[in-house]
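Asks: Based on what follows, work out the 3D shape:
(one chain, ligands or ions: 1)
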Amino acid sequence: MEALQSLLEMKAWSKKIHDQDLKIGFVPTMGALHEGHLSLVQQSKARCDRTVVSIFVNPLQFGPQEDLEHYPQNLEKDFELLKKEAVDVVFVPKPKEMYPEGFQTMVELSQLSQSLCGKSRPASSGESNRPTHFQGVATVVLKLFNVVSPDQAFFGNKDFQQRVMMDRLVKDLHLDIEIVACPIVREKDGLAMSSRNVYLSFEERQRAAVLYRALQHGKKLFWAGERQSSKIIAQVTEMIDKENPKHIDYVCMCDAETLEEVFEIHKPVLLAVAVHFGKARLIDNMLLYGDH
Ligand code: AMP
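Replies: Coordinates of the predicted model:
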């Protein structure tokens, strides 16, 4: 496994691989890797000739009140895990090279970035030129795509909105990159794996498992014939509330493609939640579909 830092080296490596007519799979991450990230790596290994994993805690996508300073990092362990998966390149660019002085170009998806986490992760506290969370995400991913030149890029459905945005971004900008959506990997009790789960105390960790149970409950209501979003949302919210979260950012039913809010369900819909337990802001979601 090669570890690369400089953008030029990364570009040169990708050119060499493409010159051999081989396909590059790419898994962008912020590190503190877990089984969820590794499932993306495994998909890439299965589908592509070479696999690149990037580790970059992107300052652009953190709001001023968020956890950039404390975001979990463990490069040594990450490298070990990636070596075991026989990844070809781990790419760890430096913030200064990614965002040199004078950097100012932002990528914005005007509609998909407005709902769900776009509403509840404000970027500015009066700083008007600060990027929004999803401008930060779209900008860094496009930059990484330009440096790594992947044929396929792997994104987890845990960050469903991010994945939908990537589908749109490659279409809108005519990028020859296939976005591969990967299923959510969960702990035994259903909690979606996340780098931020380490913020949870033992007791918060127990309570946080309600998110999965609540989503499943929502799905059961749907299968039982409920088609009013408000009824499902009310019961899901009540279940989560009973576990005393610090704050519920949202419980939302939205169209799985446009992410627009859905009030009466006529086609597959996404039930998505964002909830704070202690210091951790956790997100999760479930697709409701079928004629049950
Ligand atoms: P992050 O390091 O949190 O930015 O995540 C990097 C990639 O891993 C994103 O595409 C995430 O959606 C994906 N990912 C994170 N957690 C999980 C999970 N539990 N299951 C599947 N994919 C995940």
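
Asks: per-residue pLDDT, residue 291?
Replies: Here the pLDDT value assigned to residue 291 is 56.

Asks: Could you see whether the ligand lies near the worst-scoring helix or strand of the chain on mean pLDDT?
Replies: Lowest by mean pLDDT, DSSP states H and E among the helices and strands of the chain is helix 117-120, with a mean of 88. No. In terms of Cβ under 6 Å from any ligand atom, no part of helix 117-120 sits within range of the ligand; the closest distance is 12.1 Å. Placement of C-beta: from N, CA and C, glycine included.

Asks: Buried ones in that helix, by neighbour count?
Replies: Within helix 117-120, the residues that qualify as buried are 117-118, 120, counting by 16 or more other Cβ atoms under 10 Å.

Asks: ok, residues contacting that helix?
Replies: Contacting residues not belonging to helix 117-120 are listed as 112, 132-134, 161, 249-250, 274, 283 [Cβ atoms under 8 Å, 6 or more residues apart in numbering].

Asks: So which residue is dead centre in this protein?
Replies: Closest to where the C-alpha atoms of the chain average out (Cα atoms, centre = their mean) is residue 159, at 3.3 Å.

Asks: ok, back up a step: any idea which of the buried residues of helix 117-120 is the one closest to residue 190?
Replies: Checking the buried residues of helix 117-120 against residue 190 with Cβ to Cβ, the nearest one is residue 117 at 20.7 Å.

Asks: How much space separates the closest one from the ligand?
Replies: Computed as Cβ to the nearest ligand atom, to the nearest Å, the residue 117 to the ligand distance reads 12 Å.

Asks: how about the next helix or strand after the least confident helix or strand of the chain, does it get close to the ligand?
Replies: Proceeding N to C from helix 117-120, the next assigned helix or strand is helix 133-148, under DSSP states H and E. No. For a cut-off given as Cβ under 6 Å from any ligand atom, helix 133-148 has no contacts with the ligand; the smallest distance is 8.7 Å.
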